[in-house]
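*Asks:* quick check, what structure comes out for this input:
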Amino acid sequence: LRKGATGKPLTPDLTKKLGFDYLRDFITYGSPAGMPNWGTSGELKKEEVELMARYLLNDPAQPPEFGMKAMKATWKVLVPVDKRPTKKLNKLDIDNLFAVTLRDSGEVALIDGNSKKIEYILNTGYAVHISRMSASGRYLYTIGRDAKLNLVDLWMDPPQTVAEIKIGTEARSVETSKFKGYEDKYAIAGAYWPPQYVIMDGATLEPLKIESTRGMNYDDQEYHPEPRVA
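*Replies:* From the prediction side, this is the model:
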């Protein structure tokens, strides 16, 4: 936890060397390297900045697990398979289509590859990290950093989310089955936390199996509690 990825780690062994004043000012004013000025921008109050600085001086609590029961509680089939169209009802060229994340607005834009025109804007939720097309091109799978997964039917007019699920508390990626004979049959999504991946029904997102990635490192054979799935 807090080990960093693109950014630097924020573990107490490092933050304690920096001290409270440094952390408070860094959060308040930001940095030329890209850290936002959370304090002077008004995004955080002075008390909130100080609370965050103190928090970073302590060991982080382990987040809760997210198993099958929690996952199924978030699973929704908004349009059942038998209620979906049997042919494409719109004029989208799904063979030449871009799905572009509109990060701050929580949306994805569908853009025609020839005209570069925005055809539709879909409400997908917070910070979509990646969008994947199914093998047939009918479905679009999006996953946000909050681990919410949307299944969009591109045959509908307009295209819309037909199923959704949350597969953890933080995630980055989703993919679909494309092997011959299994086209569109399964979807798989990986989580940063809990460190696991989930196999789902490709048409409904029903969670079928959860696999943890916790285990021993291949080289030093030491236990790794947080091997993220990206």
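*Asks:* what sits against the closest residue in space to Val162 that isn't next to it in sequence?
*Replies:* Nearest non-adjacent residue to Val162, counting by Cβ to Cβ, 6 or more residues apart in numbering: Val79, 4.0 Å away. (Each C-beta comes from the backbone N, C-alpha and C, glycine too.) Each residue near Val79 by Cβ atoms under 8 Å, 6 or more residues apart in numbering is listed here: 153, 156, 160, 162-163.
*Asks:* and the end-to-end length of stretch 37-55?
*Replies:* Terminal residues of stretch 37-55 lie 18 Å apart, using Cα to Cα, to the nearest Å.
*Asks:* contact partners of it?
*Replies:* Contacts of stretch 37-55 (Cβ under 8 Å, 6+ apart): 20, 23-24, 27-30, 36.
*Asks:* list the ones among the residues you listed that fall in helices.
*Replies:* Among these, DSSP state H puts 20, 23-24, 27-29 in helices.
*Asks:* ok, so of those, who is nearest Lys3?
*Replies:* Leu23 (17.5 Å; Cβ to Cβ).
*Asks:* circling back: ok, of the contacts of stretch 37-55, which come out buried?
*Replies:* The neighbour count (16 or more other Cβ atoms under 10 Å) marks 23-24, 27-28, 30 as buried among those.
*Asks:* now find how far off-centre the strand or helix carrying Ile121 is within its chain.
*Replies:* Element membership for Ile121 (DSSP states H and E) is strand 118-123. Taking Cα atoms, centre = their mean, to the nearest Å, one finds strand 118-123 lying 19 Å from the centre of the chain it belongs to.
*Asks:* adjacent strands (with direction) for it?
*Replies:* strand 107-112 (antiparallel) (DSSP bridges).
*Asks:* what pLDDT, on average, does the partner strand get?
*Replies:* Computed over strand 107-112, the mean pLDDT rounds to 96.
*Asks:* go on, stretch 37-48?
*Replies:* 97.
*Asks:* and of the buried ones among the contacts of stretch 37-55, the nearest to Asp220?
*Replies:* Looking across the buried ones among the contacts of stretch 37-55 and measuring by Cβ to Cβ, the closest to Asp220 is Leu23, at 32.2 Å.
*Asks:* now the closest one: closest residue in space, sequence neighbours ignored.
*Replies:* Distances taken as Cβ to Cβ, 6+ apart place Ala53 nearest to Leu23, at 3.9 Å, with adjacent residues excluded.
*Asks:* what angle do the helix or strand encompassing the one you found and helix 20-29 make?
*Replies:* For Ala53, the element it lies in under DSSP H and E is helix 46-55. Relative orientation of helix 46-55 and helix 20-29, computed by axes from the mean of the first three to the mean of the last three Cα atoms, to 10 degrees: 130 degrees.
*Asks:* what residues does the next helix or strand after helix 46-55 touch?
*Replies:* Once helix 46-55 ends, the next helix or strand along the chain (criterion: DSSP H and E) is helix 68-74. With contacts defined as Cβ under 8 Å, 6+ apart, helix 68-74 is touched by 148, 164-167, 198, 207, 210.
*Asks:* mind checking which of these are in strands?
*Replies:* Among the contacts of helix 68-74, the members found in strands (DSSP state E) are 148, 164-166, 198, 207, 210.
*Asks:* give me the pLDDT value at the residue lying farthest from the centre of the chain.
*Replies:* Of all residues in the chain, Asp21 sits farthest from the chain's C-alpha centroid, using Cα atoms, centre = their mean; the distance is 33.2 Å. We have a pLDDT of 98 for Asp21.
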